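[1] build the 3D model from these lines:
(one chain, ligands or ions: 1)
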Amino acid sequence: MSAVLKDPAPTAGRPEPRPGVLAIQAYVPGKSHAPGVEKVFKLSSNETPLGPSDKALAAFAAAGLKLQDYPDGSATVLREAIAKAQGLDPARIICGAGSDEILNLVAHAYLGPGDEAIFTEHGFLVYKIATLAAGGVPVVAPERDLTADVDAILALVTPRTRLVFLANPNNPTGTYLPFDEVRRLHAGLPSNVLLVLDAAYAEYVRRNDYETGLELALSTENVLMSRTFSKIHGLAALRVGWAVGPAHVIDAMNRIRGPFNMNTPALLAGAAAIADAAHVEQAVAHNERWLPWLTGQIEALGLKVTPSVANFVLIHFPDTPGRTAKEADAFLTRRGLVLRQVASYGLPNALRMTVGSEEANQLVVAALADFMAGKDATAKGDAGSPA
Ligand SMILES: *Cc1c(COP(=O)(O)O)cnc(C)c1O
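    Residues are numbered from 1 along each chain as shown. Down below sits the predicted model:
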């Protein structure tokens, strides 16, 4: 299923972007506002309810006092902190302004006109944007049960395939591939195809058959694993991501990145965050408690929830007028509970909810119960008060 690039007809007499650029539908971030509501709970972008480590906040504040110097273009402090935390060689790490930059660097380094990048049906939207921006051709592999399907991906490989993007676990579905499946995917790819394993939610996964892909990234010539500080580390505002891979891949990406792509506050806060293992543990424990609670409570209301291993849940709504995902979103927003519509991911009947604070989680469950019971969003006592 190779998507045809749909560029509008060229307009004579003015500069035109190269093919692919105007076929991009700009990424629409999760909402952060609920008009007219005093207390808003943002559960739309998988940010952590715990916030960043105090040590990261202190490092950020200190860095803010010295802004006249250029940052260290090779991100040494951050790469060394990551390497120490993960037990790997800093030379095999590249840092980026969020993993978004990492994903774009890979696309720009490995895709040219007509080159194909495969990703899955409900995969992270940045893969398509990065592919089109690089002039490549997006190729979409069907999923099975909202989960990546290795055979479907392998069936789409052609001589023009250069990249395969796989989010594991995936956003917005929350599903994952066990590592033997990831290995089977890698084994089935030609050696000149780069497999990009996006492990943005890796820290949250509590499954014995899950691995991030670090070992493949270190032991093969064609696997890159990317990570982010935006999720469990709570530094989304600073834009910090990284990747580990074969030396030749890291070298290619380093050649095309901006010389100062990381700012100093981000480098120092990131280094402090990854060293604070206790804070990460706390976030994992919070998620382990509330992910199953939310899943169970929402299912008890008669709604289907896709089993998630990450810090969010995908909630499926019926088609029935009055009970749709869109109407649920409007209802929740009126109570200051901001979830994420995922129609752009091919899931028009679902909403994605980030696991929030205890208060937010309970308010959402109470609100969904009222919504399913056909009550009014502004019903007495419910607006903004704890359940
Ligand atoms: C949130 C997320 C990222 C992280 O993006 P950043 O640019 O690092 O904030 C990467 N991949 C997936 C699948 C995500 O959901």
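[2] for the strand or helix carrying residue 285, packing partners?
    Secondary structure assignment for residue 285, by DSSP states H and E: helix 277-300. On a contact count with 3 or more CB pairs under 8 Å, 6 or more residues apart in numbering; DSSP states H and E, helix 277-300 meets strand 304-306, strand 312-316, helix 358-372. The C-beta positions use only the backbone N, C-alpha and C, and glycine is treated the same way.
[3] next, the angle strand 312-316 makes with it.
    10 degrees (axes from the mean of the first three to the mean of the last three CA atoms, to 10 degrees).
[4] what's helix 277-300 in contact with?
    48-50, 52-55, 85, 203-204, 206, 232-234, 273, 305, 307-308, 311, 313, 315, 353, 355-356, 358, 361, 364-365, 368 (CB atoms under 8 Å, 6 or more residues apart in numbering).
[5] give the buried residues for it.
    By 16 or more other CB atoms under 10 Å, the buried positions in helix 277-300 come out as 279, 280, 283, 284, 286, 287, 290, 291, 294, 295, 297, 298.
[6] check stretch 32-50 too.
    Residues of stretch 32-50 classed as buried: 34, 37, 40-50 (neighbour count, 16+ other CB under 10 Å).
[7] pLDDT below threshold where in the stretch 1-150 of the chain?
    For the stretch 1-150 of the chain, the stretches with pLDDT under 70 are 1-11.
[8] just give me the neighbour total for whatever residue of it ends up closest to the ligand.
    Taking CB to the nearest ligand atom, the ligand has its nearest neighbour within the stretch 1-150 of the chain at residue 98, 2.5 Å off. Residues lying near residue 98 (other CB atoms under 10 Å) number 22.
[9] how about the residues of the protein that lie near the ligand?
    Within the chain, the positions near the ligand by CB under 6 Å from any ligand atom are 46, 98-100, 124, 167, 171, 198, 200, 228, 230-231, 236, 241.
[10] show me which of the residues you listed are buried.
    Buried among the residues of the chain next to the ligand by 16+ other CB under 10 Å: 46, 98-100, 124, 167, 171, 198, 200, 228, 230-231, 236, 241.
[11] my guess is residue 213 meets residue 196, correct?
    No - counting by CB atoms under 8 Å, residue 213 stays clear of residue 196, with 9.2 Å between them.
[12] now do the shared contacts for the two.
    Joint contacts of residue 213 and residue 196 (CB under 8 Å, 6+ apart) are 223, 225.
[13] so residue 141 is in contact with residue 117, correct?
    No - with contact taken as CB under 8 Å, residue 141 and residue 117 are classed as non-touching, separated by 10.9 Å.
[14] now do the strands in the stretch 151-300 of the chain.
    Ranges of strands within the stretch 151-300 of the chain are 161-167, 194-198, 223-228, 241-244, based on DSSP state E, counting those that start in this stretch.
[15] tell me, how many residues neighbour residue 157?
    Residue 157, neighbours per other CB under 10 Å, totals 17.
[16] next one: residue 194
    24.
[17] contacts only, for it.
    106, 110, 162, 163, 164, 222, 223, 224, 249.
[18] so the last one versus residue 316, what's the distance?
    Here the distance between residue 249 and residue 316 works out to 38 Å (CB to CB, to the nearest Å).
[19] and these two? Which one has more around it.
    Counted by other CB under 10 Å, residue 249 and residue 316 do not tie: residue 249 has more neighbours, with 23 against 15.
[20] for the more buried one, what are its contacts?
    106, 109, 194, 222, 224.
[21] isn't residue 46 right up against residue 313?
    No - counting by CB under 8 Å, residue 46 does not reach residue 313; the two are 10.6 Å apart.
[22] thinking again about what came up before, tell me what angle the helix holding residue 285 forms with helix 358-372.
    10 degrees.
[23] next one: phi and psi at residue 231?
    phi -100, psi -90 (degrees, to the nearest 10).
[24] still on that earlier bit, residues contacting the residue of the stretch 1-150 of the chain closest to the ligand?
    With CB under 8 Å, 6+ apart, residue 98 has these contacts: 228, 230, 236, 239, 240, 241.
[25] right, and out of the residues you listed, which lies closest to residue 17?
    residue 239 (24.3 Å; CB to CB).
[26] wait, doesn't the closest one sit right on residue 267?
    No - with contact defined as CB under 8 Å, residue 239 does not count as touching residue 267 (11.1 Å).
[27] so between these two, which is more surrounded?
    Each of residue 239 and residue 267 has its neighbours counted (other CB under 10 Å); residue 267 has more, 23 against 20.
[28] correct me if wrong: the more buried one contacts residue 77.
    Yes - in this structure, residue 267 is within contact of residue 77 by CB under 8 Å, at 5.5 Å.
[29] so where is the stretch 251-387 of the chain shaky, pLDDT-wise?
    Ranges of the stretch 251-387 of the chain meeting pLDDT under 70: 379-387.
[30] so which residue of it comes closest to the ligand?
    Ranked by CB to the nearest ligand atom, the top residue of the stretch 251-387 of the chain for proximity to the ligand is residue 310, at 8.3 Å.
[31] perfect, that will be all.
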